[in-house]
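**Q** test case, fold it:
(2 chains)
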Amino acid sequence: MMETLKEHLREEEFLINMGPQHPSTHGVLRLVLRMEGEFIRELTPHVGYLHRSIEKIAENRTYNQFMPYTDRIDYCASMPSNLAWAVAVEKLGGIEVPERAEYLRVIMVELNRIASHLIWLGTMSLDLGAVTPFLYAFREREWVLDLFEMTCGQRLTYHYIRIGGVSRDIPPEFEKSCREFIKDFRHKVDDYEAILTENPIFLGRTKGIGILPLDLAENLGASGPTIRGSNYAWDIRKAEPYSIYNRINFDIPTGKNGDVWDRYMVRIQEFRQSCRIIEQALDGLPQSDTVRSKLPAVLRLPAGEVFSRIEAPRGEMGYYIVSDGEKKPYRVKIRTASYGNLQCLAPMAIGLKIADLVAIFGSIDVILPEVDR
Amino acid sequence: MTKEEIINRFKGKFGSDIEVVENNQPEPYLYISAARYQELCEFAKNDPQLDFDFLFQLAGVHYPDSRFEVVLCLSSHRKIHKAVIKVKLDKDNPATVSVSDFWATSAWFEREAMELFGIKFANHPDPRPLLLYEDWDYGYPMRKGWTGPDFIPMPEK
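**A** Predicted coordinates for the structure are as follows:
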């Protein structure tokens, strides 16, 4: 009987094209998969569908004019993208930032980290078939966006952090609303955990899936929650503190095995750490009339070069700037977290099924405009 | 390691092939001669004192009058220090070797430099274009002075 069945079974490998318009690729990523039945044997990512050549644009804009473009590099986390540019330019130009502005920056960046992780939580659980967390996550994100809207008038591309400070002070009602949000949000994280962390279906889809060993993660340029999930406590906020992170107490959550579950747990714990950071920053917020240092209208940096990086929600983000002393940068290289994290996708997914690939892709939280730039 | 210690460690091994860029940045910026570029990368990766286990980024830079440059920003997770390694390439025929044996992540950065700057990387494991579309035939867009069919330069005020 088995012999006759086998004669009629086709065993050859075949190619599947996944994307660029696929609901679970979160943007426009194209994956070419070589399949053997249900199992992935080879995976080739094709990127570049969102390539806008932001690096070339940067060479034709002044340092201040380029700031709004940084919003578009990672539109789910505009504040950290702004901050990375501001920190790099300030490092090369030796520009001082008022202390109140530094605290405001940390508050905004951590709020944006929460908002960005909420999108990840919603979309990843949606990919795994859980619709409820998506609705909850976007409900909480709305509150964060309201806080941003009352501060800078924008809900997606903020352009709030500027070179030498921030664009304006927070309104008087911000602090009360922000503290209420933090208080409320702590309970909401417990709710997410009640839905997902103890859910046997979710556990079955994530535990032991997509294991990324630490040495491979380092070699492939993984950073942020992706490398922390592989049990390595690496965080630029601790290792090379910028802004006022050296005055703030927080922990670096890590995973154990580097699977989808560990990366999930790292981000869930980062929600709580971000709450701690925002509370401390609100407590320490100094009073000051100015939130932006006086700079010339057209900023000229000294000739030279600089390499600087920060910890964005997805991992390490940074710029390498070459200045020739003119008002426009000579060369800007943008390095983003997803660029490294996406390279880890193939080694993690090979040998698993397409359904697992969706879970793995959700867990590394790639955002494509950041890869393509 | 401090900036001076990293510079001395490299100088002890490569001597006059290292040229230090003078600036007031906290991390060292070094030029390495093109001939010993690969050797230096191997040393940076495997030397237990330097231990550069993480390639942050690799970028091409174009100076039309004199040279191309490949710039590596290295970082060490375990020693918590950084360094920027630069190598000067020929202005007409920029070519060097791939360092993806030491940091696999450099493969994508090198593919990007290949299509955007036209820098050749020998021994590259996968030399396909990364970002531009398949039929792209308009040269190397990140080079200075590049123009394409629909390219309108910014008017100077």
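**Q** strands along the stretch 1-150 of chain A, start to end?
**A** A:14-18, A:30-36, A:39-46 (DSSP state E, counting those that start in this stretch).
**Q** mind checking which of those strands is nearest chain B?
**A** strand A:39-46 (8.8 Å; Cβ to the nearest Cβ). To be clear about C-beta, it is placed using only N, CA and C from the backbone, and glycine gets the same treatment.
**Q** can I get the CA coordinates of the closest one in PDB?
**A** Written as PDB, here are the backbone C-alpha positions of strand A:39-46 (Å, rounded to 0.1, in the frame of the first residue of the first chain):
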ATOM      1  CA  PHE A  39       9.500  22.800   5.100                       C
ATOM      2  CA  ILE A  40      11.700  25.800   4.200                       C
ATOM      3  CA  ARG A  41      15.000  24.800   2.700                       C
ATOM      4  CA  GLU A  42      16.200  28.100   1.500                       C
ATOM      5  CA  LEU A  43      15.100  31.700   2.100                       C
ATOM      6  CA  THR A  44      16.200  34.700   0.100                       C
ATOM      7  CA  PRO A  45      15.000  38.200   1.200                       C
ATOM      8  CA  HIS A  46      14.600  40.800  -1.500                       C
END
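**Q** what comes into contact with it?
**A** When contacts are defined by Cβ atoms under 8 Å, 6 or more residues apart in numbering or on different chains, strand A:39-46 is touched by residues A:13, A:20, A:29-35, A:342, A:345-346, A:349-354, A:357.
**Q** also stretch A:47-63?
**A** By Cβ under 8 Å, 6+ apart, stretch A:47-63 touches A:20, A:27-30, A:66, A:69, A:72-73, A:89, A:163, A:298-299, A:301, A:327-334, A:342, A:368-369, A:371-373, B:129-133, B:141-142, B:153-154.
**Q** circling back: show me which of the contacts of strand A:39-46 are buried.
**A** A:20, A:29-31, A:33, A:35, A:342, A:345-346, A:349, A:352, A:354, A:357 (16 or more other Cβ atoms under 10 Å in any protein chain shown).
**Q** which two among those are spaced furthest apart?
**A** Within the buried ones among the contacts of strand A:39-46, two members stand farthest from each other by Cβ to Cβ: A:Pro20 and A:Leu352, at 21.7 Å.
**Q** re the thing from before, so which of the contacts of stretch A:47-63 belong to strands?
**A** The strands, defined by DSSP state E, take in A:30, A:331-334 from these.
**Q** circling back to that earlier point, including distance to chain B, could the buried ones among the contacts of strand A:39-46 go into JSON lines?
**A** Below are these laid out as JSON lines (distance: Cβ to the nearest Cβ, whole Å):
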{"residue": "A:Pro20", "distance to chain B": "12"}
{"residue": "A:Leu29", "distance to chain B": "13"}
{"residue": "A:Arg30", "distance to chain B": "12"}
{"residue": "A:Leu31", "distance to chain B": "15"}
{"residue": "A:Leu33", "distance to chain B": "17"}
{"residue": "A:Met35", "distance to chain B": "21"}
{"residue": "A:Leu342", "distance to chain B": "9"}
{"residue": "A:Leu345", "distance to chain B": "12"}
{"residue": "A:Ala346", "distance to chain B": "11"}
{"residue": "A:Ala349", "distance to chain B": "16"}
{"residue": "A:Leu352", "distance to chain B": "20"}
{"residue": "A:Ile354", "distance to chain B": "23"}
{"residue": "A:Leu357", "distance to chain B": "19"}
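**Q** residues touching the closest residue to chain B within chain A, list them.
**A** Using Cβ to the nearest Cβ, A:Gly221 is the residue of chain A that sits closest to chain B, at 3.1 Å. For A:Gly221, the contact set (Cβ under 8 Å, 6+ apart) comprises A:339-341, A:343, B:54-56, B:103-105.
**Q** which pair of the residues you listed spans the longest distance?
**A** Applying Cβ to Cβ across the contacts of A:Gly221, the maximum distance is between A:Asn341 and B:Trp103, 15.0 Å.
**Q** more crowded one of these two?
**A** More crowded of A:Asn341 and B:Trp103, by other Cβ atoms under 10 Å in any protein chain shown: A:Asn341, with 30 against 24.
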